[in-house]
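> coordinates only, sequence not included:
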């Protein structure tokens, strides 16, 4: 076998060059430019003025910024707290060997992931519409006192978004967890069962 | 570096290097990856070989399908007269049109000779220094050719920045009240007695009904889309309010705005709610209109055309009338929407573009085609005497809707332009939504009781907008 020793000190750089070029062009330079941009105001790249810390001062005093921070935190918390356990629960259900029609359930739970965010937005806006929305129509049909004009978009925007996000993404996370569960060797599960572990304990192994 | 290149040159000939390189790559890849790569190469080749759309001639970008259809129909005639400058009409969806236009203005990427811009898209164009605005200043041309006097004055306002006009106005867009004539006449209500909003709600109150006895109102005298801020604008402008003064300073918390917002809060919410919520641009909204959820809605001339196409089964059931005024003798119309045609500074054919723009927007022929297709009336006052505006419209129970719109056209309010227009209408609509919550919480629809809260909310909106505007170092800023 021939030696792989480089013949010139430049050889490693030749092989690194494609990565370095792409990284510099698409990651490092935009990052640096964004940093510089934070201290400027522009009207396109040809009209640029240095403004020091003005943008940061404005941002910190802008009430909309803090609303956005609060909403992002709420959404992230709500999504994680509900989505991960829900995905795990679905994965555990689908991992039961005795379950019939597992492939069908897997498809049903995973399919919302395929439709995409825009479609989910459209579906949920139609579902939650004020008078003609399916949710209000259904609730008014079941409970006569339910106001068919109930405005979900007024007081329940965040729960509605979290719900829509849950519907969209829970199947995707379920697929990850299910793959992990199905990789657990059966002898380990058998051993856990002999040791008296119930389904909950077994899921923690 | 030179020694490195010399080494590789001596070691391998270029041909050998390339062959070795590709042979190694192909050997190391799986068949699947080779297939995908092959597919990529083939599709890239096909795309590269596709014919490129010609960029010669006089280009115009439009965002509206009806407009594109009208202008394309004109192309053969234009091309006969200008064989060296054929007309190229591109229909581009709104957000894409805005991105391409702004990229062109900011960075010099190619743009059309003429671009049609809607009111919601123009703000960003005006956000920088005057000399950097990508549209040509048309003020001198308009003055020299006497067009300023011939065109409806208020139609220029959205396209004017710092005293300079950057676009030809496409329309006037007077707002009328569209009402269910079948229901109103069956109830024996004479709309001729209506002069003010107070008259309107007093006379229409018997039609506010819970039709199925479930305890909830199923029919409102009026409807708007509460999430669409342009409806608040209709009422504010009609009542003499608005968002900016002619100098571009924000006026969100003016006394007029406070008074109107308090009244809207009482109509939209509280125990004496009079206005329903229908998004009339959606299928479900149109269905509710058809089912009689609302007696009336405000709509500009363009919406009259849109409604007749979207809800054809309701032909003969609607009529229009001037909007009720805020006070006796007050303005009976408002304005909603708007489009302009601007000549880009990058255009190599500004004279031809000017000739085309005038023809498209002001010629009697095009005005007629536009009205027949969309119900939009021309901003050119010399066209207002055309008889096609007097034709009875069977959809609106035989009314001459063109003439009725034109009767209100001179009273259409002005709308001073600002780069911060989008922020302003969102802030005011947000204030209105908060006021509605106040009305519901405090169980009042009385505007006098809501006025202090309306003032407080609009004061806050004004402060927020001033802060945004003062941040812009390119503009003069806002009054505190």
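Nice, I can see it. Remember, it's a predicted structure, so these values are computed and weren't measured experimentally.

> what's near enough to touch whichever residue of chain B sits closest to chain A?
Using Cβ to the nearest Cβ, residue B:106 is the residue of chain B that sits closest to chain A, at 2.5 Å. Bear in mind the C-beta positions are built from the backbone N, C-alpha and C, glycine included. Contacts for residue B:106 (Cβ atoms under 8 Å, 6 or more residues apart in numbering or on different chains) come out as A:43-46.

> Which members of the residues you listed additionally contact chain B?
With Cβ under 8 Å from any Cβ of the partner chain as the criterion, the subset of the contacts of residue B:106 in contact with chain B comprises A:43-46.

> ok, for the residue nearest the centre of chain A, nearest residue in space, not its chain neighbours?
Central residue of chain A (Cα atoms, centre = their mean): residue A:169, 6.5 Å from the mean position. Nearest residue to residue A:169 in three dimensions, chain neighbours excluded: residue A:83, at 6.2 Å (Cβ to Cβ, 6 or more residues apart in numbering or on different chains).

> number of nearby residues for that neighbour?
Other residues within reach of residue A:83, judged by other Cβ atoms under 10 Å in any protein chain shown, total 19.

> Same question for the one 4 residues further on.
Taking other Cβ under 10 Å as the criterion, the count of residues near residue A:87 is 22.

> okay but it is in contact with residue A:167, surely?
No. The criterion here is Cβ atoms under 8 Å, and residue A:87 misses it with residue A:167 at 11.9 Å.

> mind listing the helices for the stretch 301-450 of chain B?
B:301-310, B:350-362, B:364-374, B:401-408, B:421-441, B:447-471 (DSSP state H, counting those that start in this stretch).

> Greatest separation within the contacts of residue B:106: which pair is it?
A:43 and A:45 (9.2 Å; Cβ to Cβ).

> Who has more neighbours out of these two?
Shown here are residue A:43 and residue A:45; by other Cβ under 10 Å, residue A:43 has more neighbours (21 against 11).

> Distance check, the nearest residue in space to the more buried one that is not next to it in sequence against residue B:167.
Distances taken as Cβ to Cβ, 6+ apart place residue B:128 nearest to residue A:43, at 2.9 Å, with adjacent residues excluded. Relative to residue B:167, residue B:128 is positioned 17 Å away (Cβ to Cβ, to the nearest Å).

> Looking at these two now, which is surrounded by more residues?
The residue with more neighbours, out of residue B:128 and residue B:167, is residue B:167; 26 against 22, by other Cβ under 10 Å.

> Am I right that the more buried one is in contact with residue B:159?
Yes. Residue B:167 is in contact with residue B:159 according to Cβ under 8 Å; the separation is 3.8 Å.

> what's the overlap in contacts for those two?
What both residue B:167 and residue B:159 touch, as defined by Cβ under 8 Å, 6+ apart, is the set B:122, B:340, B:342.

> Contact partners for the first one?
Same thing as residue B:122. B:158-159, B:167, B:340, B:417.

> could you redo the last one with a cut-off of 10 Å?
B:98, B:101, B:135, B:158-159, B:161, B:166-167, B:338-340, B:342, B:417-419, B:421-422 (Cβ atoms under 10 Å, 6 or more residues apart in numbering or on different chains).

> do the last one as well
By Cβ under 10 Å, 6+ apart, the contact list for residue B:342 reads B:101, B:112-117, B:122, B:125, B:133-138, B:159, B:165-168, B:353, B:357.

> residue contacts, residue B:80?
Residue B:80 neighbours (Cβ under 10 Å, 6+ apart): residue B:86.
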